[in-house]
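# Structure, please.
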Amino acid sequence: QVHLVESGGGLVQAGGSLKLSCAFSGRSLRPIVTGWFRQAPGKEREFLATINWTGDDKYYANSVKGRFSISRDNVTDTVHLQMNALKPEDTAVYYCAASYRVVLTTGYEYWGQGTQVTVSP
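Below you'll find the model as predicted:
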């Protein structure tokens, strides 16, 4: 059974930075892709970024391109999301997700429990 555990969320002032982490465990085979999503109160879940299993290919939503950066450490099986220049509208629960299929913005099979990010004005 695949387990994804997010960490690194918290309260930050506008303009600040946070680095989220997603730790993978449960299977010896690494997922093909790992992505980050977020969901704000009253809004639909939003795709943010994804990275393939080697870390060579990355894809970002236009809304975060240039501010957020996804990376992975295959020694620790952790995927990170570095978030810079945060805005109050970035406030949401952030989720990581993984897939053993070649997916991009939808279709992920495994999800973490989420970590809250709150950006104050």
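# now the helix or strand in which A97 is found: how far from the chain's centre is it?
Assigned by DSSP states H and E, A97 belongs to strand 92-99. Mean-position distance between strand 92-99 and its chain equals 5 Å (Cα atoms, centre = their mean, to the nearest Å).
# Pull the contacting residues for the most centrally placed residue in the chain.
Centroid-nearest residue in the chain, with Cα atoms, centre = their mean: W36, separated by 2.5 Å. For W36, the contacting residues are 20, 22, 48-50, 68, 70, 79, 81, 94-97, by Cβ atoms under 8 Å, 6 or more residues apart in numbering. C-beta coordinates here come from the backbone N, C-alpha and C atoms, glycine included.
# tell me what the helix or strand that L48 is a member of is packed against?
Here L48, judged by DSSP H and E, is contained in strand 46-52. In terms of contacts (3 or more Cβ pairs under 8 Å, 6 or more residues apart in numbering; DSSP states H and E), strand 46-52 is packed against strand 33-39, strand 58-60, strand 68-73, strand 78-83.
# That strand vs strand 68-73, what angle?
Angle of strand 46-52 versus strand 68-73, following axes from the mean of the first three to the mean of the last three Cα atoms, to 10 degrees, is 40 degrees.
# Please identify the pairing partners of strand 46-52 and their relative orientation?
As defined by DSSP bridges, the strand partners of strand 46-52 come to strand 33-39 (antiparallel), strand 58-60 (antiparallel).
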